[in-house]
Structures are given as C-alpha cells and as structure tokens.
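> For reference, the sequence and a predicted model appear below.
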Amino acid sequence: MPQRFAQLSDPHLSSLEQVRARDLFNKRALGYLSWRRKRRFEHRPEVLQALQRNLELPKLDQLLITGDLTHIGLPSEFRQASDWLQQLGDARQIALVPGNHDSCVRADWQQTYALWQDYMASDGSAGQDDGEQLFPSLRVRGQLAFIGLSTACPKPPLMATGTTDAEQLSRLPELLTRCAQQGLFRVLYLHHSPLPGVEKWRKRLTNASAVHDIIAQCGAELVLHGHGHRAQYHEMTTRDGMVPVIAVPSASALGLHGADTARYNRYSVERDNDGWQLGIDARCYDRESGEFTPGEQREVAIRRPVLPL
C-alpha cells in the first residue's frame with residue numbers, strides 16, 4: 001500500500017490589523033506597507049479555510065509546511081499561527097520549517113519560535129527547549145524519512161534571501177546517508193530552493209551551491225520547497241540518480257495580478273522492483289466555487305537499488 005503525505009507553503013495566514021507603530025521601527029515597516037497595499041487582498045483566510053476542508057489530514061502520514069506562516073514575524077503573528085496549527089492537527093502529524101518572513105528581524109525565541117517548536121521538532125524531541133539544534137530535523141513514518149532544513153535568518157531590508165547555517169550543513173550528510181542505508185524514501189523540505197539560479201538574486205538561498213552539492217553527493221528521493229509563490233518542477237542529478245525538486249505556490253493566494261493561485265500537493269510513495277513510484281496530485285483553488293479541486297497529476301519513477309526488508 002502506498003504511503004501518503006502533503007505539502008503546503010507560504011500561507012501568510014496572520015492579520016496585521018492590530019499592529020502597533022512601535023513594532024515597525026525596523027525592516028518590518030516595509031513588510032507592513034506591502035501588506036497594506038497588496039498582500040492583505042492576495043492572501044485570504046477563506047482560501048485557507050477551503051484548503052482545510054479539502055486536506056483530509058487523518059488520511060495523511062504527514063503534512064509538511066515549508067515556511068512563511070507570517071507576514072513580518074511579529075510575536076502576535078506567531079500566536080495566530082500557533083492557534084491555526086493547533087486547530088489544523090496534532091504536531092506529530094504536521095512538520096514545518098520557517099521562512100524568511102518568519103525571521104524578518106531578530107526576535108525573542110520564547111515569544112516566537114518556541115510556540116511552534118513541537119511542529120518543528122524531530123521524533124522524540126518535542127517539548128525540548130533547544131532551539132539552536134532543531135534542524136536538520138528528522139521524522140520517520142513507515143518507509144518515509146522527512147528531513148527538515150531551515151533557511152530562515154534575518155536579512156537586510158529589501159532582501160528575501162535565506163542561508164542554511166554551518167551546523168546544519170555539517171549534520172545533513174550523515175542524516176541523508178543513514179536514512180539511505182535504512183532503505184528509506186528521503187524527503188528533504190526547506191523554504192528556499194536549493195537549486196542555484198532558480199530564484200532572483202535578492203530572493204535566493206545564498207549558499208544554495210553548498211546545499212545542492214550535499215544532496216548531489218549524499219542523495220535524496222524528493223526535495224520540496226516554497227518561497228517563490230510559484231508551482232515549479234525541476235529535476236537534479238545525484239549519486240543515486242534523479243531527484244525531483246518541487247515547489248508549490250502560496251496556500252492562501254487568490255492569484256491576483258498574474259500570480260499563481262493557491263495550490264498544495266498530495267504525494268503517494270510506493271516501492272517497486274526498481275526503486276520507488278512517486279505520485280503527485282495537485283489540488284488547486286478555484287475562485288468561482290471557492291473550493292480546492294483536482295489539478296495536474298503526475299507519476300514519477302525514481303530508480304533506486306532497494307534494500308531488502
């Protein structure tokens with residue numbers, strides 16, 4: 001029987017209606033102006049509500065959220081997102097990594113990321129107050145290994161770049177190699193694309209080449225990201241063979257002004273004699289009906305030598 005999981009990204013679910021002027025004496029002021037002018041009309045709560053109706057979380061082994069739950073990373077936004085996550089489901093079934101909007105500026109850990117800690121934690125580490133060592137995270141569900149990488153860190157104004165710190169880069173190769181030795185289907189998920197040249201200079205992962213090289217040398221079966229608010233499908237070559245690199249648009253976007261309309265992807269994974277069969281099932285927001293409906297479907301054969309059970 002196939003295992004199933006889903007990915008959504010960039011929900012930007014919080015409201016800034018009650019923001020205080022004193023909260024905006026930094027980079028957040030630019031983000032607030034963007035929200036007032038455009039983002040509050042584009043990222044809509046009714047779209048997220050429709051997604052929740054379509055999600056069928058109990059049927060999934062895991063839901064991955066690849067960052068940007070907030071607009072400007074205020075503590076009040078983290079509280080709103082925490083309430084939304086608890087309403088969505090149990091932290092053991094939902095795994096997330098932060099995005100650049102969530103780390104707009106440096107903020108107190110206890111007022112921000114500590115509220116999401118159980119959703120970012122590896123198996124067996126929920127509730128531990130060890131924010132510096134959360135990533136790379138690892139959750140194993142059956143034959144699936146979900147490996148989370150953080151690219152979120154404060155950057156100068158007008159920059160939406162990300163960086164994966166040296167500690168994560170040093171730990172990632174061993175994690176990928178160990179999961180491969182266990183015969184697991186490795187899903188690496190992060191906010192920014194690890195493919196050099198995919199994003200604009202001011203939105204790029206600054207050390208994408210380092211992350212890309214680790215994946216190429218150690219292998220993976222699937223890489224998922226968000227950030228660009230666009231549906232993307234790329235493939236990269238690793239020592240183990242081809243790896244799909246997939247991005248989804250914002251989960252709350254109406255698709256105004258030519259942007260991609262909200263979408264999330266459902267995945268199915270099943271072993272076969274030559275490796276793995278990956279099914280990709282897009283669910284897209286339909287503005288006319290106000291619901292998510294089936295979109296593009298794709299089957300991808302990921303050839304790997306599969307270890308005996």
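Received the coordinates, thanks. Numbers count the residues shown, from 1 in each chain.
> Can you name the residues bridging to the nearest residue to Asp123 once chain neighbours are set aside?
Taking CB to CB, 6 or more residues apart in numbering, and ignoring the residues beside it in sequence, Asp123 has Arg139 as its nearest neighbour in space, at 5.1 Å. Every C-beta, even on glycine, is put in place using the N, C-alpha and C of the backbone. Note on Arg139: beta-bridge partners Phe146, judged by DSSP bridges.
> With Glu235 instead?
With beta bridges defined as DSSP bridges, Glu235 has these partners: Pro244.
> What's the local residue count around Arg204?
One way to gauge burial is a neighbour count; for Arg204, by other CB atoms under 10 Å, it gives 21.
> Give me the pLDDT value at it.
Predicted confidence (pLDDT) at Arg204: the value is 96.
> My read is that it contacts His192, right?
Yes - at 7.1 Å, Arg204 counts as touching His192 under the criterion of CB atoms under 8 Å.
> so how far is Ser193 from the spatially most central residue of the chain?
The centroid of the chain falls nearest to Thr66 when counting by CA atoms, centre = their mean (1.1 Å). With distances taken as CB to CB, to the nearest Å, Thr66 is found 10 Å from Ser193.
> before we move on, back to that, what is in contact with Arg204 and His192 at once?
Common neighbours of Arg204 and His192, using CB atoms under 8 Å, 6 or more residues apart in numbering, are 161-162.
> Helices of the stretch 151-300 of the chain, residue ranges please.
Under the criterion DSSP state H, counting those that start in this stretch, the stretch 151-300 of the chain carries helices at the ranges 166-181, 208-218.
> so which of the ones you listed gets nearest Gly279?
Put simply, out of the helices of the stretch 151-300 of the chain the one that sits nearest Gly279 is helix 166-181, at 20.8 Å, with distance taken as CB to CB.
> Now do the contacts for the residue nearest to Asp123.
For Arg139, the residues meeting the contact criterion (CB under 8 Å, 6+ apart) are 62, 95, 122-123, 145-146, 148.
> Centre of the chain to the least confident helix or strand in the chain by mean pLDDT, how far?
Scoring the helices and strands of the chain by mean pLDDT, DSSP states H and E places helix 28-34 at the bottom, with a mean of 89. When distances are taken as CA atoms, centre = their mean, to the nearest Å, helix 28-34 is centred 23 Å away from the chain's centroid.
> which residues touch that helix?
Residues external to helix 28-34 that are found in contact with it (CB under 8 Å, 6+ apart): 16, 19, 24, 71-74, 101, 104-105, 157-158.
> so which of those is the most crowded?
Neighbour max across those (other CB under 10 Å) = Gly73, 27 neighbours.
> Now do the phi/psi pair for the residue nearest to the centre of the chain.
For Thr66, the backbone dihedrals are phi -100, psi 50 (criterion: degrees, to the nearest 10).
> can you check Val97 too?
Torsion angles, degrees, to the nearest 10, at Val97: phi -120, psi 150.
> same check, this time on Arg22
Per-residue torsions, Arg22: phi -70, psi -20 (degrees, to the nearest 10).
> What's the local residue count around it?
By the criterion of other CB under 10 Å, Arg22 has 6 neighbours.
> quick one: pLDDT of it?
pLDDT, the model's per-residue confidence, is 81 for Arg22.
> Return the residues in contact with Gln87.
Under the criterion of CB under 8 Å, 6+ apart, Gln87 has no contact partners.
> now it: how far from Ser9?
19 Å.
> ok, Leu169 - contacts?
Residues in contact with Leu169, defined by CB under 8 Å, 6+ apart, are 207, 210-211, 214.
> could you redo the last one with a cut-off of 7 Å?
Residues counted as contacts of Leu169 (CB atoms under 7 Å, 6 or more residues apart in numbering) are 210, 214.
> Show me which pair in the contacts of helix 28-34 is furthest apart.
Using CB to CB, the two most remote members of those are Val19 and Leu158, lying 19.9 Å apart.
> just to revisit the earlier point, quick one: which of the contacts of Arg139 is nearest to Arg263?
Here the nearest of these to Arg263, counting by CB to CB, is Gln62; it sits at 18.4 Å.
> backbone phi and psi for the closest one, please?
When read as degrees, to the nearest 10, the backbone of Gln62 gives phi -170, psi 150.
> That one against Leu138, yeah?
No - in terms of CB atoms under 7 Å, Gln62 does not count as a neighbour of Leu138; the distance is 11.9 Å.
> Now do the contacts for the residue nearest to Ile215 when sequence neighbours are not counted.
What sits nearest to Ile215 in space, not counting adjacent residues and going by CB to CB, 6+ apart, is Thr238, at 6.0 Å. Under the criterion of CB under 7 Å, 6+ apart, the contact list for Thr238 reads 215-216, 219-220.
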